[in-house]
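Asker: Take this sequence and fold it.
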Amino acid sequence: MTTAPDRVTFREVFGVAEFRAMWFGELLSIAGDQLARVALSVLVYANTGSATLTGLTYALTFFPSLLGGIFLTGFADRFPRRTVMVTVDLMRAVLILCVAIPGLPFWALCVLVGCVSLLNPPFKASQLALLPQVLEGDRFVVGMGIRSMTVQSAQLLGFAGGGALLLAMDARLALVLDAGTFVLSALFLRFGLKYRPAAASGEKRKPFLSSLSAGGKVAFATSALRSLMVFTWLAGLMPVYEGIAAPYVASSGGGSEMIGFLLAADPVGSVIFTFIYTRWVPAGIRPKLIGPMTALAAVPLLLCFLQPGPVVSVILFVISGGFGTIALLQATASLTVAVPDESRAQTMGLSNTGLTTTMGVSPLIGGIIADHVSAQTTVGIFGLAGLLITIPLAIAWQRSVSRQAEEGSAKEATRAEHA
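Answerer: Below is the predicted model:
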C-alpha cells in the first residue's frame, strides 16, 4: 500500500533538520530516564531494604511534575523556548549526577529526584509549543505521531534494557549515563534548533502571577477549546488496567508472566495505531475523528464486564490503548495549534498536568473498587464512565468543527466576491 501524493510521509518529516535534533534529544532523554528509574529502585532498595521507600522514590519521578506543570510551564512562553529546553536539560544532568554521589542521605536523594521531576513539564511544554513552528501544516501531526511511537517504544526498551544493563553495571553508573543523555540532548537542541525570541514579549508579556491563569483562561475560552482540553484529560482515565495489572491478572486466572504482557499492551497498540493513523488517515478528516476514536478506546473495556481471560484482555487493551493514543495525539495537536503562541506553553502545561493527574488518580480509585468487585469489572466500570463522558463531549466538539467549517466556507465566499 502506498501513500497518496498529498500526504506527509515520515521521510519528509525527518527531512526537517530541526525536528531531527528534537527527536534525537528526546529519544536519548527517555531512554536515560527509564534506565534511571530502574537504577533508582535498585539503589534505594539495596540501601534501605524498604519496599515502601523504594515505591516513594519511584513516585517522586512523577508526582512533583504536577506542580511543575502549574507553576513552571509559563517560563516557556516568557523566555526563548530553545533556551528553556537547554537550561532544563543541563539542570537535570547536574541533579542526576548529584543523586549518583555515594553515601547520599535518603532525604537528599528524594529532594534531588523530586527536582528532576519538577523540571520535566517546562521542557515538554517548550517542546510542544515549539513543534508547530518547526513542522508546519500536516507535518506537525505526523511529527507528533512519530514522537508518540518513539516515546512508547523507548519506554518499553528502556525498562527491558535497563533491567538487563543493571545486571552488568552498578546502579550509580547507570545514573551517570542518564546524566550524559541530558547533556547530549542539550547539545542537539542548542546546535540543532534555530534561535527564536520569546513568544510572550513586550506588551504580550504579563506579570508572572497573571500568566499562571492565562493558560486556563485561553483553554476554556470557547466550547471547542474546552472540549479538546477535556479530551486530553480523559485519555488518562481509560488505561486504569495498568495500575491494577497484578490483581487483574490474578482475577483473570493468569500467571505472573502475564503482567508484563498486560503492561506492554498499551504501548504496542499505541505504536501500531499511530503508524496507521499518521500514514494513511487523510489530514482533512482527522480532527473530526477525536470523539469517535475516544469512544472506540472505551468500548473494548466494556467487554471486561464479561470477565475475559488474560489473553483476550491483552488483545482488548491493545485495541483500547491504540485508539486512546491516536485520540490523545489528535486532541493535543488540535489544541496546540488552536491557542495563541504567547500562551501556548502554559496551556499545554495545563493539558499535560490534567492528563498526569488523571493517570495518577485512576489507578488509586480503580484499586479501591477492585477490592470490592473483580478487577475485570473495575475496568469495565471505567470503560463505561469513559464512554458516558465521551458522548456529550464528542457532540459538542462535532458542533464546533461544523461551525468552524461553515465559517471557513463563508470567508472563502466573501473573498471570491471581492476578487
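
Asker: show me where the stretch 1-150 of the chain has helices.
Answerer: Along the stretch 1-150 of the chain, counting by DSSP state H, counting those that start in this stretch, helices occupy 10-14, 17-48, 51-59, 65-71, 75-78, 81-99, 106-134, 138-165.

Asker: hang on, I meant the stretch 251-400 of the chain
Answerer: Secondary structure of the stretch 251-400 of the chain (DSSP H, counting those that start in this stretch): helices at 257-280, 290-302, 310-338, 344-370, 375-418.

Asker: Please produce TSV containing those, extended by mean neighbour count.
Answerer: C-betas here are computed from N, CA, C, even on glycine. Shown next, in TSV, are the helices of the stretch 251-400 of the chain (neighbours: other C-beta atoms under 10 Å):
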stretch	mean neighbour count
helix 257-280	20
helix 290-302	23
helix 310-338	23
helix 344-370	21
helix 375-418	16
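
Asker: Format these as JSON lines; extra columns: distance to residue 13.
Answerer: JSON lines is the format used below for these (distance: least, C-beta to C-beta, whole Å):
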{"stretch": "helix 257-280", "distance to residue 13": "9"}
{"stretch": "helix 290-302", "distance to residue 13": "21"}
{"stretch": "helix 310-338", "distance to residue 13": "13"}
{"stretch": "helix 344-370", "distance to residue 13": "20"}
{"stretch": "helix 375-418", "distance to residue 13": "25"}
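
Asker: hey, least reliable of those helices by pLDDT?
Answerer: Sorting the helices of the stretch 251-400 of the chain by mean pLDDT places helix 375-418 lowest, at a mean of 82.

Asker: Let me see the contact set for the residue sitting nearest the centre point of the chain.
Answerer: The residue lying closest to the centre of the chain (C-alpha atoms, centre = their mean) is residue 352, at 6.9 Å. Residues near residue 352 by C-beta atoms under 8 Å, 6 or more residues apart in numbering: 69, 73, 121, 124-125, 128, 232.

Asker: contacts for stretch 363-375?
Answerer: Outside stretch 363-375, the residues within contact range by C-beta under 8 Å, 6+ apart are 240-244, 247-248, 250-252, 307, 378-379, 381-382.

Asker: Provide a ChimeraX selection command restricted to the buried entries of the residues you listed.
Answerer: In ChimeraX, this line selects whichever of the contacts of stretch 363-375 come out buried by 16 or more other C-beta atoms under 10 Å:
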select :240,241,242,243,244,247,248,250,251,252,307,378,379,381,382
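
Asker: Out of the contacts of stretch 363-375, show me where the pLDDT dips lowest.
Answerer: Pick the lowest pLDDT in these and you get residue 243, at 83.

Asker: how far away is the residue lying closest to that one once chain neighbours are set aside from residue 248?
Answerer: Using C-beta to C-beta, 6 or more residues apart in numbering and skipping the chain neighbours, the partner closest in space to residue 243 is residue 363 (2.2 Å). According to C-beta to C-beta, to the nearest Å, residue 363 stands 11 Å off from residue 248.

Asker: do residue 144 as well
Answerer: From residue 144 across to residue 248, the span is 30 Å (C-beta to C-beta).
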